[in-house]
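[1] Let me see the structure of the following:
(3 chains)
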Amino acid sequence: MPEQPYEPEGAIAGTGMGGAMDLGASEAVTLEGTPGGGPGQGPAGRPRSLWSDAWRDLRRNPVFLLSALVICFLVLISLWPSLIAPGSPLSCDLARSQDGPAPGAPFGYDGQGCNVYTRTVHGARTSVTVGLCATLGVALLGSVLGGLAGYFGGVWDALLSRLTDIFFAIPVVLGGLVLLSMVTSTTVWPVVGFMVLLGWPQISRIARGSVITVKQNDYVQAARALGASDTRILLRHIAPNAVAPVIVVATIALGTYIALEATLSYLGVGLRPPSVSWGIDISAASPFIRNAPHALLWPSGALAVTVLAFIMLGDAVRDALDPKLR
Amino acid sequence: MLLEVRDLRVEFRTRDGIARAVDGVGYAVDAGETLAVLGESGSGKSVTAQAVMGILDTPPGRITGGRVLFQGRDLLTLKERERRRIRGAQMAMIFQDALSALNPVLTVGDQLGEMFVVHRGMSRKDARARAVELMERVRIPAAAQRVRDHPHQFSGGMRQRIMIAMALALRPALVIADEPTTALDVTVQAQVMDLLAELRREYRMGLILITHDLGVVADVADRIAVMYAGRIVESAPVRDLYRAPAHPYTRGLLDSVPRLDRKGRELYAIKGMPPNLMRVPPGCSFHPRCPMAQDVCRTDEPPLYEVPGGRASACHFWRECLRG
Amino acid sequence: MAEPILEVTGLVKHYPLTRGVLLRGQTGAVKAVDGVDFTLGRGETLGLVGESGCGKSTVARLLCHLERPTAGTIRFKGEDITALSGRALKAVRRAVQMVFQDPYTSLNPRMTVGDIVGEPYEIHPEAAPKGDRRRRVRELLDVVGLDPEYAGRYPHQFSGGQRQRVGIARALALRPEIVVADEPVSALDVSVQAQVVNLLARLQAEFGLSYVFIAHDLSVVRHISDRVGVMYLGRIVESGPADAIYDHPTHPYTQALLSAVPVPDPGARDRRERIILSGDVPSPAAVPSGCRFRTRCWKARERCAREVPELAVPAVFRDAGGPAAHPSACHFAEERPALPSGEPGNGNGPG
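    Purely as a prediction, here's the structure:
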């Protein structure tokens, strides 16, 4: 057995293999298939997974960095709005109705004489809460139902498919007007619940398709041949490999839920005063668009930037998790 | 000489660095000749062909040097418009996966006829008639009816015949077949290879057959070029190479194939595996796997030595290797 | 033959073709496996060859209980294991393991190689005490020729050949008695193929394994198999010792198959007598009547459309004995020398 003087860096070389050497154990990691097409090989051969690869891509992506910065700021001010807007969004002074910018009120005052700056900052909390909670609920419900249907197939799958078709047929805004006008709560929960109710079919379809694709892989068959239980196969083999598309779609959907909350609040069936929401403010300011455009401009701008930030984040995550889609 | 590739170099930029997929490759094909380019995955055999055809994806690929002389003209210096005129009409390519190489939404008749409409300016009706002729020529039963079928309605072997018909439609001088039968069953593979050989003789085409299958090469090729890690390591007339290889990699490949007509106890196995193209070993790129490697192999890259009998070998010890 | 460890009789797997979503109506069936019998002896290798769609992979899945057969029985050491479920099935699974074709999809990309090879012990905790598992995983990696130090790495950091070794290590973890290998080397490069074939042969000797080796590559099957079954459209058409099948084939399909394999010897080009079959394999949803090979067979006569030929030693050879006297499902079975050029029986099928 000749010595191997050359050992490529980052290769998985068979050191200390003894008698197994002649079996070609000293194989180096090579570029598989056509160059550039293979999976990335770590320069130092350290363990690398989809997530660390994705993270490496994300860190270099300016779109991601910008949207992440905006989102971090949003989360920060929804946790502690008084950090930058010390006053209460509910203390309004009718005497200042539709006034322009003033010290302590850089965005001016709205028709009720409320400080637009304070209300815009405090409105972030509603949007972020609704967006996050609705997305979380939708992702959980959708991926569990869709995943199980995809895995077990058969009658349950057929039933779920019909059920999602039915839900897809419900017009979102009309459904919201009908359902939400029946509740009187002023919290965000009815709105979140409504979004989860109408949103899960979208995720369940994605999760179902993803699970069906993953299910066909030989490693799932291998686990079955070993005698693994369904729970084990689902949690250990299928879920980690099927979750990426769900995350991507959920991230992009987050932005649209925020926009939907504003829409419903604008229509008067989402959040209701005295809750603070950009939708409510936009609704309240729209009759006075000629006299006080600033009262409309700031909450609308904040809404647009927020929605855009989440959608851009979703795009960046998708690119990082699935480079083939680009 | 119909086609002559000289010192071709292709690089790929990847996230982890630059891979030299083709690193100074040269070969030549004459009219009526079959050249087999043999290599394992990642050896650069397909990339070379893509560069010759002008269908290399750039980026990530980049041709960094060399010449591709087709009927005396260097294709690499031509404008894309001129190359397009040559491609399809004077040189054509047959791919491994006929299903993805054919357009699924067009009928095979339309796709075959397209060649005549675009390159020969024929009318749709004449082109359709020529398509039926072609399908009959590659022995597709009931061609006149099946011309209106879509690719997915054909079996794998029939699709590969349609690909061949398409490649040969305009009677090109050169055909490059990239693993044309790898996806087919043995009995169908034999049909398709026979057809290809017959048409090559009839049209006096040059054929470059890219494959990893030593059996297919032995059946049809005149000359053979063996590639390893982006370089040609040996080239020779096919009979001479199988009788006495002049490179240890070729010898190893020949010995490691299980034979139908022979039964052995243990197969010879080349140890290790092909190198990462981003970290090709210094000296001879095969030396870490070579049973004959000496010190000089670790430091000096062997040139392509001329070997008597119109052969070449990139091994410092080709004489010893020839002797066996 | 050695003492039988696996006996398969009348194995059938039909996939119903249905129409409709909730109220399904059956419109036909894909006869993937349509009556397969064979016996595997302890310590021997049975090779199953055939072209795509012949049902050989479905047989593998049935043997490993990844699918339930439509009919037929599978006996393991004399015990009927066809309809087992629950705990009894789990116990049998320990004894019958599978090696898959594609080294890229057969390993979970989110698990380390050590976790993949160790998973059998988590599913069958009784197979190895908890403290012992790490050591066993390292041993297994070493046995298949991988450095145990790399147990912490992910599959994508390995080459195709190395991944196939990981798959083999996983199959060996529970010390099975039978390994079903479905095209284990066909996705690998030529130079790596030989390494894995040699590894499988060495492991068989070391652990006394019995193999069902499924492949479309006739050369590899000859190299590794003691006995061979040739499959066509869901049935075995010829079976017997490897030498008898390869040197004295009597079924026209086997003869055509063998003659079509390219031999890496340019000198044989002109000497070889090749049978080029016409047409393609019929769809398993529309199997021809009588002999299923008759649509491509140059010997087919009227009787072939009427009578299904049984897989048995043909009467012509029954008394003479010798290597040609092995089961062959053909009404007109006869020897036809494969390599030396005999009579020019190079014909095309009736179309």
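[2] From chain A, how far out is the closest residue to chain C within the stretch 201-324 of chain B?
    Ranked by CB to the nearest CB, the top residue of the stretch 201-324 of chain B for proximity to chain C is residue B:215, at 3.0 Å. In short, each C-beta sits where N, CA and C put it, glycine included. Computed as CB to the nearest CB, to the nearest Å, the residue B:215 to chain A distance reads 22 Å.
[3] is chain C contacted by the longest helix seen in chain B?
    Ranked by residue count under DSSP state H, the longest helix found in chain B is helix B:186-203. Yes - Helix B:186-203 reaches chain C (CB under 8 Å from any CB of the partner chain) through B:186, B:187, B:188, B:189, B:190, B:191, B:193, B:194.
[4] How far does stretch A:112-121 sit from its chain's centre?
    Remark: stretch A:112-121 is offset 28 Å from the chain centroid, using CA atoms, centre = their mean, to the nearest Å.
[5] how long is that stretch end to end?
    Between the opening and closing residues of stretch A:112-121 we find a distance of 17 Å, counting by CA to CA, to the nearest Å.
[6] Show me what it is in contact with.
    If you take CB atoms under 8 Å, 6 or more residues apart in numbering or on different chains as the criterion, stretch A:112-121 is touched by A:77, A:81, A:84-85, A:87-97, A:99, A:104-110, A:276, A:278, A:281, A:284, A:294-295, A:298-299, A:302.
[7] Can you flag the buried ones in these?
    A:77, A:81, A:85, A:87, A:89, A:92, A:96-97, A:99, A:105, A:107-110, A:276, A:278, A:281, A:284, A:294-295, A:298-299, A:302 (16 or more other CB atoms under 10 Å in any protein chain shown).
[8] Now do the helices in the stretch 1-150 of chain A.
    Counting by DSSP state H, counting those that start in this stretch, the stretch 1-150 of chain A has helices at residues A:50-59, A:62-79, A:116-152.
[9] for residue B:310, what are its contacts?
    So, once contact is read as CB under 8 Å, 6+ apart, residue B:310 ends up touching B:236, B:237.
[10] Identify each buried residue in the longest helix of chain B, please.
    Going through helix B:186-203 with 16+ other CB under 10 Å, the ones that come out buried are B:186, B:187, B:188, B:189, B:190, B:191, B:192, B:193, B:195, B:196, B:199, B:200.
[11] Redo those as CSV? Include distance to residue C:99 and pLDDT.
    Listed next are the buried residues of helix B:186-203 as CSV, based on distance: CB to CB, whole Å; pLDDT from 0 to 100:
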residue, distance to residue C:99, pLDDT
B:186, 22, 82
B:187, 26, 81
B:188, 27, 82
B:189, 25, 83
B:190, 29, 83
B:191, 31, 82
B:192, 30, 84
B:193, 31, 87
B:195, 36, 86
B:196, 35, 87
B:199, 40, 87
B:200, 40, 88
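[12] Residue A:130: which of those is nearest?
    Taking CB to CB as the measure, residue A:130 lies nearest residue B:188 of the buried residues of helix B:186-203, at 59.9 Å.
[13] Just to check, that closest one is in contact with residue C:280?
    Yes - distance between residue B:188 and residue C:280: 6.6 Å, which falls inside the contact criterion (CB atoms under 8 Å).
[14] intersection of neighbour lists for those two?
    Shared contacts of residue B:188 and residue C:280, defined by CB under 8 Å, 6+ apart, are found at B:155, B:156, B:157.
[15] so how many other residues sit close to the first one?
    Neighbour count of residue B:155, defined by other CB atoms under 10 Å in any protein chain shown: 15.
[16] Nearest the middle, which residue of chain B would you pick?
    If you average the C-alpha coordinates of chain B and look for the closest C-alpha using CA atoms, centre = their mean, you land on residue B:210, 2.3 Å from that point.
[17] Setting the sequence-adjacent residues aside, check what's closest to residue 177.
    In the absence of a named chain, this looks at chain A. Sequence neighbours aside, residue A:269 is the residue nearest to residue A:177 in space, at 5.6 Å (criterion: CB to CB, 6 or more residues apart in numbering or on different chains).
[18] oops, chain B please
    residue B:94 (4.2 Å).
[19] again with residue C:191
    Taking CB to CB, 6+ apart, and ignoring the residues beside it in sequence, residue C:191 has residue B:270 as its nearest neighbour in space, at 4.2 Å.
[20] part of a helix, is the one you found?
    No - secondary structure assignment places residue B:270 outside any helix; it is coil (DSSP: H, G, I helix; E, B strand; the rest coil).
[21] Quick check: it vs residue C:146, distance?
    18 Å (CB to CB, to the nearest Å).
[22] These two: which is more packed in?
    With other CB under 10 Å as the criterion, residue B:270 and residue C:146 differ in neighbour count, and residue C:146 comes out ahead with 29 against 25.
[23] Make sure the more buried one is actually in contact with residue C:161.
    No - applying CB under 8 Å as the test, residue C:146 and residue C:161 come out as separate, 10.2 Å apart.
[24] And the helices in the stretch 51-200 of chain B?
    The residue ranges that make up the helices of the stretch 51-200 of chain B, judged by DSSP H, counting those that start in this stretch, are B:80-86, B:98-101, B:108-120, B:124-137, B:143-146, B:156-168, B:186-203.
[25] Deepest-packed of these, please.
    Among the helices of the stretch 51-200 of chain B, helix B:156-168 has the highest mean neighbour count (mean count of other CB atoms under 10 Å in any protein chain shown), at a mean of 24.
[26] State the number of residues packed around the residue nearest to residue B:177.
    The criterion is other CB under 10 Å. On that basis, residue B:94 has 24 neighbouring residues.
[27] pLDDT weak spots in the chain?
    You didn't say which chain, so I picked chain A. Along chain A, the parts satisfying pLDDT under 70 run over A:1-50, A:322-326.
[28] wrong chain, I was asking about chain B
    Confidence mapping of chain B against pLDDT under 70 gives the ranges B:261-265.
[29] same deal with the stretch 201-350 of chain C?
    Filtered on pLDDT under 70, the stretch 201-350 of chain C yields the residue ranges C:337-350.
[30] Next one: the residue located most distally from the centre of chain B from residue B:245, what distance?
    If you look at how far each residue of chain B sits from its centre, by CA atoms, centre = their mean, the farthest one is residue B:125, at 34.5 Å. Plainly put, residue B:125 is 54 Å away from residue B:245 if you go by CB to CB.
[31] before we move on, what about residue B:193?
    23 Å.
[32] The stretch 201-326 of chain A: helices as residue ranges?
    Remark: helices of the stretch 201-326 of chain A, listed N- to C-terminal, are A:218-226, A:230-232, A:239-266, A:278-285, A:293-321; assignment by DSSP H, counting those that start in this stretch.
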